[in-house]
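Trainee: What shape does this take:
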Amino acid sequence: MKKRISLLILIICMVGGIVFFFPKKNTQEVKMVKKKQTPEISFYHQEYKERYDTYQKAHQDLSKKEVITLVNMNRDFDFYGKIIKQEHPNDLNTIVNKYYQLDETYEPSDLVEINTNAGTYGSSYSKHTARKVVYDDFQALKQACINKGFELYVTSGYRSTVWQKEIYNHMVETYSVERADETCSRPGHSEHTTGLGLDIALDQYKYEEVENHPQYSWFLSQLSNYGFILRYPKDKEELTGYSYEAWHIRYVGKDLAQKIEKSGLTLMNIMLETIRRWQSYLLCFQYSVTGTLGLLSSQGISCLSK
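Mentor: Okay, the predicted model is just below:
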């Protein structure tokens, strides 16, 4: 009997020793590890939770990150379905699109002529203006193009809200509201009104023809070095709300332009993340915006840029 008791005590001690030397992981520690393994989405906003959930249910094929990004861009609303007054129109990274609207009286106070130095084809293009902050980098880009053997021009720069209204109404009367909204911004929603959006031509190549220029690919590769981005790229129509425009560039400054290029995102994507972080920033590119009555040539009508 004593032997049995001694054996039982020995077994208990052995089991206790195993437990002692191989302790069970602390529950709190396990939770912390799991928490670290789940990456946080920095641009998640608790106040949008209901919108995220609703959009996720309607778009179950999208990842959580995609849903959050799209809702932050207001894509859970129809275009022009939620209008937000842009309170920072003078900022380089300001967003003006189908959600963000400029005050109808807004006009930049620092407009300067941008099409200086007529060059070979200069007489074909009218004088246009843009904000002074754009001037130096645009002229540097223009000189880089000349060094490469071709010339850069602006076919449409700053446009007032009144001018934009004329363009938009013409498109509606000529085609339809639906067609106009695909290719032209409504008054107050055009990047051209910020003085930061430019429609460009390379030599005699303009509008849709511009991407046929032999140096167009090189030109695109240089944009961010001078603070510009292609505002309405291919395959981003669902985000920007506008059809692809090979001729519409936007000045955002070198730092932001290079970040956008490296990320492969639109201005809206980048802005939204930065925006809400700094206080929920100033919102968004999107990757989207408006056009030119410019000269209503047969080509110009379909190219009324955003």
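Trainee: Can you list the buried residues in stretch 235-244?
Mentor: Under the neighbour-count criterion of 16 or more other CB atoms under 10 Å, stretch 235-244 has 236, 239, 240, 241, 242 buried. C-betas here are computed from N, CA, C, even on glycine.
Trainee: Narrow those residues to those in helices?
Mentor: The members of the buried residues of stretch 235-244 that map onto helices under DSSP state H are 239, 240.
Trainee: which one of the buried residues of stretch 235-244 sits closest to residue 148?
Mentor: residue 236 (26.9 Å; CB to CB).
Trainee: if we can go back for a sec, Throw the buried residues of stretch 235-244 into CSV and include distance to residue 218, thanks.
Mentor: Shown next, in CSV, are the buried residues of stretch 235-244 (distance: CB to CB, whole Å):
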residue, distance to residue 218
236, 22
239, 26
240, 24
241, 29
242, 25
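Trainee: quick check, nearest of the buried residues of stretch 235-244 to residue 101?
Mentor: The closest of those to residue 101 turns out to be residue 241 (CB to CB; 13.4 Å).
Trainee: these two touch, right, the closest one and residue 98?
Mentor: Yes. Residue 241 is within contact range of residue 98, at 4.6 Å (criterion: CB atoms under 8 Å).
Trainee: Count the neighbours of residue 174 for me.
Mentor: Other residues near residue 174 come to 12 when the count uses other CB atoms under 10 Å.
Trainee: Tell me the pLDDT of it.
Mentor: Turning to residue 174, the model gives it a pLDDT of 96.
Trainee: check which helix or strand covers residue 145.
Mentor: helix 132-148 (DSSP states H and E).
Trainee: can you give me the strands for this protein?
Mentor: Taking DSSP state E as the test, the strands found in the chain are 84-85, 100-101, 111-113, 129-131, 152-156, 197-202, 205-206, 228-232, 245-251.
Trainee: So which of those strands is nearest residue 73?
Mentor: strand 100-101 (10.7 Å).
Trainee: Tell me which strands the closest one pairs with, and in which orientation.
Mentor: Sheet partners assigned to strand 100-101 using DSSP bridges are listed as strand 84-85 (parallel).
Trainee: circling back to that earlier point, among the strands of the chain, which comes closest to residue 45?
Mentor: Using CB to CB, those put strand 84-85 closest to residue 45, at 15.0 Å.
Trainee: which other residues reach the closest one?
Mentor: 74, 99, 100, 101, 103, 283 (CB atoms under 8 Å, 6 or more residues apart in numbering).
Trainee: Residue 173: which of those is nearest?
Mentor: For those, the nearest to residue 173 is residue 101 (22.2 Å; CB to CB).
Trainee: How about the contacts made by the closest one?
Mentor: Contacts of residue 101 by CB under 8 Å, 6+ apart are 83, 84, 85, 86, 188, 189.
Trainee: And the residue nearest to residue 77 when sequence neighbours are not counted, how close does it get to residue 189?
Mentor: Once flanking residues are discounted, residue 77 sits nearest to residue 99: 7.3 Å by CB to CB, 6 or more residues apart in numbering. Residue 99 is 8 Å from residue 189, where distance means CB to CB, to the nearest Å.
Trainee: Equivalent analysis for residue 254, please.
Mentor: For residue 254, the distance to residue 189 - CB to CB - is 26 Å.
Trainee: higher neighbour count, these two?
Mentor: More crowded of residue 254 and residue 189, by other CB under 10 Å: residue 189, with 28 against 14.
Trainee: Show the pLDDT at that one.
Mentor: Reading off the model, residue 189 has pLDDT 97.
Trainee: you'd agree it is up against residue 97?
Mentor: Yes. The criterion here is CB under 8 Å, and residue 189 meets it with residue 97 at 6.4 Å.
Trainee: before we move on, back to that, just the closest of the contacts of residue 101 to residue 125, please.
Mentor: Nearest member of the contacts of residue 101 to residue 125, counting by CB to CB, is residue 189, at 25.1 Å.
Trainee: Just give the nearest non-adjacent residue to that closest one, would you?
Mentor: residue 101 is the one closest to residue 189 (CB to CB, 6+ apart), at 5.6 Å.
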